[in-house]
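**Student:** Any chance you could fold what I've pasted below:
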Amino acid sequence: MIVRKMEVKDLEAVSATCMNSFLHSVADALSDEGVSTFSKIAASNSFLERMKGDNLMLVAEDNGQIEGVIELKEGRHVAMLFIIPDRQKEGIGKKLLSSAINYAEVETITVSASLSSVPAYEKYGFECKGEASESDGLAYQPMEIKINKAMHATSA
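**Tutor:** From the prediction side, this is the model:
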């Protein structure tokens, strides 16, 4: 498996990966509004717009198939981290996070973790910061990690 920067040719596969994982792990706990909000964020055209900005997007690819994606916004915030359901808990997320950390522009990386993903982020070394909240139907837990801690956690 390789981790590389996302390219325009990956847009459909990345959108499908995010939606597949979201529907498998997150959507059941959300309102119709939350599912709709996420569907718009994960659409190919939305990814394309964010690619034109300063968001770093990396994909995990194995034998030509996209198996995961991470999006680092402004060099400081994990905006997306999704792995296809049948490859979760195999270290792909850890590898993507470790690769994204190399591009971080700050000492602390944040994430607004879906409630079902909090245990995974804790495993990566993130800590909850503040109360869980909701925006546009999406429930999330603010979390953060100090980069030196993240590097140690992801290199193990």
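
**Student:** going forward, measure contacts between C-alpha atoms and count neighbours the same way
**Tutor:** Fine.

**Student:** quick one, phi psi at residue 40?
**Tutor:** Main-chain dihedrals, residue 40, degrees, to the nearest 10: phi -70, psi -40.

**Student:** so it touches residue 34, yeah?
**Tutor:** No - using CA atoms under 8 Å, residue 40 and residue 34 do not qualify as a contacting pair, with a distance of 10.0 Å.

**Student:** Which residue of those two possesses the greater neighbour count?
**Tutor:** A side-by-side neighbour count of residue 40 and residue 34, using other CA atoms under 10 Å, places residue 34 first with 18 against 12.

**Student:** Now do the more buried one against residue 91, distance only.
**Tutor:** 28 Å (CA to CA, to the nearest Å).

**Student:** same question, residue 52
**Tutor:** On the measure of CA to CA, residue 52 and residue 91 end up 29 Å apart.

**Student:** Pick out whichever of those two has more residues nearby.
**Tutor:** Just comparing residue 52 and residue 91: by other CA under 10 Å the higher neighbour count belongs to residue 91, 12 against 9.

**Student:** which ones are touching the more buried one?
**Tutor:** If a contact means CA atoms under 8 Å, 6 or more residues apart in numbering, then residue 91 has no contacts.

**Student:** Make residue 1 into 48 and carry on from there
**Tutor:** All set: I'll call the first residue 48, so the last point we hit is now residue 138.
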